[in-house]
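In: sequence and predicted structure below; questions after.
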Amino acid sequence: MKDVFRLQNVCLLVFVAVLAAHSAVFADGNTQTVRATGIAVGEGKSAQESALLDAQRKAVVEAAGVFIDAQSFVTNYELIEEHILSHARGYITDSKTIKEWTDQGLSYCEIRATVGVGNLRRDWTAALPQLIHRQSEPRCIVIFTEDADTTDSVPAKLGGSCAHRMENLLQKHGLRLIDKNTIDHVLYKDTEAAYLRGDTEQLAAKAQQFNAELLIVGEAEADPLGPHSMNGHNIYRWNMAMNARVIRADTAEIIVSDSYPRSTAYTDVSPRCGNKGFRELADKVGPKLLRDLTDKWQQRFLHRIFEMQFHGCSPDSFRQQLLPALSRMPGVRAYDGITVRNTAAEESMAEIYWAGNLHSLISAVKSVKIDGVELSEGSSSGMRVRFEVNGLN
């Protein structure tokens, strides 16, 4: 560990020297103003917001010069870099969009951003154990609807006792929640609206604006079974369940999607399921959701799963020639390697368990040797990267 910090101190001196020599639009001792262009796959409002976030990340890297890319030899560097880049908006003190456009299914956003270099330096030299600890406890947004009777015409309401109980459970076990009282109210309402529309990508883009890593969303429902008489009194019963999804804000990937029903019916003397029923639902099934969430997040946190898209090769060529070559890259995690998720006529998508960061993955893929074949980076954002394949039938 001492060697790690000694390397970091040396790197800090390199960082200061690089910043002094690095050219930007404007610069002073604590800030630099640079131009950066972000790219995102797709078109429309959600893709444009993703392109803006990508531009902000690139602005932070640009302000740091070659410093960030030069640190890959430091143990646990990838954890620190991801912490910095996943919170890029926090280092930008001012940002102006210069131009937005689309071209061939991609969205672009060019910005001029002022980056707080002093804050970046401070976080880089922070205690490594603290960064690792925080990275393993994601910042979360919790959005649930609550339906007290699935058979009537009354619409489900946002929030409620189940959501509050789940927030308490998550906080008790160390997850960090976004404080709704201190964030932009309008933006949070937009996030809820995206959830109600079922727009996962828009929902993830909104969550990134809060610097959240995970969204926990779902529905708490009570399905009435009708009354039955006991000692001259009517007793009402409900089948209750929590339907939940956990979404990564950086990739919009759904890492958990499941229904968590109560094992026994909830009973009460009231003809409508009330707050007590939903609190009990969260108490009984919430721990199972928490276990699933923790397992999936830790898997990605420890093994760094990236999504790769390859355009310009047939499914057979991808599986027979490209996939074996990719699997031999030294940074591929041996226990699972590469998983093919989807293939189409001219495009294949796979997930890779990679030991390094996105930059090292891109470099490794571009260095893959196949006679007559060239791999070039098409676009990248978050944990996704798209490659253009030339010369592979």
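Out: Perfect, I can see it now. Keep in mind the model is a prediction, meaning the values are calculated, not measured. Numbers count the residues shown, from 1 in each chain.

In: buried residues, stretch 286-297. List them.
Out: For stretch 286-297, a neighbour-count test (16 or more other C-beta atoms under 10 Å) marks G286, L289, L290, D292, L293, T294, K296, W297 as buried. For glycine as for every other residue, the C-beta is placed from the backbone atoms N, C-alpha and C.

In: ok, now how distant is the third one from L158?
Out: For L290, the distance to L158 (C-beta to C-beta, to the nearest Å) stands at 21 Å.

In: same question for the fourth one.
Out: In this structure, D292 and L158 are 23 Å apart, going by C-beta to C-beta.

In: what do you get for W101?
Out: 36 Å.

In: out of the buried residues of stretch 286-297, list just those in strands.
Out: Here DSSP state E is the test, and the buried residues of stretch 286-297 give no hits in strands at all.

In: just the residues you listed: which are in helices?
Out: Of the buried residues of stretch 286-297, the ones assigned to helices by DSSP state H are G286, L289, L290, D292, L293, T294, K296, W297.

In: I'd assumed E253 was in contact with the last one.
Out: No - using C-beta atoms under 8 Å, W297 and E253 do not qualify as a contacting pair, with a distance of 11.4 Å.

In: make TSV out of the buried residues of stretch 286-297 and add pLDDT and distance to C313.
Out: Formatted as TSV, these follow (pLDDT from 0 to 100; distance: C-beta to C-beta, whole Å):
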residue	pLDDT	distance to C313
G286	92	45
L289	92	39
L290	89	41
D292	88	35
L293	87	36
T294	80	37
K296	79	30
W297	76	32
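
In: if we only consider the residues you listed, which is nearest to A163?
Out: G286 (10.6 Å; C-beta to C-beta).

In: and P330, helix, strand or coil?
Out: Recorded secondary structure, P330: coil (DSSP: H, G, I helix; E, B strand; the rest coil).

In: name the nearest residue to it, ignoring sequence neighbours.
Out: Distances taken as C-beta to C-beta, 6 or more residues apart in numbering place A364 nearest to P330, at 7.6 Å, with adjacent residues excluded.

In: and the one you found, how many neighbours?
Out: Using other C-beta atoms under 10 Å, A364 has 18 other residues around it.

In: which residues of the stretch 1-150 of the chain score low on pLDDT?
Out: By pLDDT under 70, the low-scoring segments of the stretch 1-150 of the chain are 1-29, 64-90, 118-137.

In: how near is D268 to K296?
Out: Separation of D268 from K296 (C-beta to C-beta): 34 Å.

In: now swap in A156 and tell me
Out: Between A156 and K296 the computed distance is 26 Å (C-beta to C-beta).

In: ditto for E253
Out: E253 is 10 Å from K296, where distance means C-beta to C-beta.

In: next one: N231
Out: N231 sits 47 Å away from K296, going by C-beta to C-beta.

In: cool, D147 as well?
Out: Distance of D147 to K296, computed by C-beta to C-beta: 26 Å.

In: again, but for H173
Out: 15 Å.

In: ok, now S107?
Out: According to C-beta to C-beta, S107 stands 29 Å off from K296.

In: same question, S50
Out: For S50, the distance to K296 - C-beta to C-beta - is 22 Å.

In: can you pull the contacts of the nearest residue to I98 once chain neighbours are set aside?
Out: In this structure, I98 finds its nearest non-sequential neighbour in E110, 4.6 Å apart by C-beta to C-beta, 6+ apart. E110 sits next to R35, A36, T37, G38, A55, T97, I98, K99, E100 when contact means C-beta atoms under 8 Å, 6 or more residues apart in numbering.

In: which of the three states applies to the nearest residue to G44 once chain neighbours are set aside?
Out: Once flanking residues are discounted, G44 sits nearest to S107: 7.7 Å by C-beta to C-beta, 6+ apart. Three-state call for S107 (three-state DSSP): strand.

In: please renumber so the chain begins at 10
Out: Let's use 10 as the start, then, which means that last one is S116.

In: tally of neighbours for S116?
Out: Number of residues near S116 (other C-beta under 10 Å) recorded here: 25.

In: from D161, how far out is it?
Out: S116 is 42 Å from D161, by C-beta to C-beta.

In: quick one: secondary structure of T159?
Out: Here T159 is recorded as coil under three-state DSSP.

In: can you give me the neighbour number for it?
Out: Around T159 there are 17 residues (other C-beta under 10 Å).

In: next, it: phi, psi?
Out: Dihedral angles of T159 (phi, psi; degrees, to the nearest 10) stand at phi -70, psi -10.

In: need the contact list for it.
Out: Under the criterion of C-beta under 8 Å, 6+ apart, the neighbours of T159 are E230, A231, D232, P233.

In: any idea how far it is from T273?
Out: Applying C-beta to C-beta to T159 and T273 gives a distance of 18 Å.

In: for the stretch 60-209 of the chain, which segments count as strands?
Out: Remark: strands assigned in the stretch 60-209 of the chain by DSSP state E, counting those that start in this stretch are 101-112, 115-125, 148-156, 166-167, 185-186.

In: may I have the strands that pair with the first one, each with its orientation?
Out: The strands beside strand 101-112 in its sheet (DSSP bridges) come out as strand 115-125 (antiparallel).

In: next: the fourth one.
Out: For strand 166-167, the paired strands and their directions (DSSP bridges) are strand 148-156 (antiparallel).

In: what sits up against the partner strand?
Out: With contacts defined as C-beta under 8 Å, 6+ apart, strand 148-156 is touched by 163-172, 175-176, 179, 184-187, 200-201, 204-205, 216, 219-231, 251, 287.

In: of the residues you listed, which belong to helices?
Out: Those of the contacts of strand 148-156 mapping onto helices are S170, C171, A172, M175, E176, L179, T200, E201, Y204, L205, A216, F287, per DSSP H.

In: contact partners for the first one?
Out: Same thing as S170. E155, N284, K285, F287, R288, A291.

In: dump these to a markdown table, plus distance to A258 and neighbour count.
Out: Formatted as a markdown table, these follow (distance: C-beta to C-beta, whole Å; neighbours: other C-beta atoms under 10 Å):
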| residue | distance to A258 | neighbour count |
| --- | --- | --- |
| E155 | 23 | 22 |
| N284 | 30 | 14 |
| K285 | 33 | 12 |
| F287 | 26 | 27 |
| R288 | 28 | 16 |
| A291 | 23 | 24 |
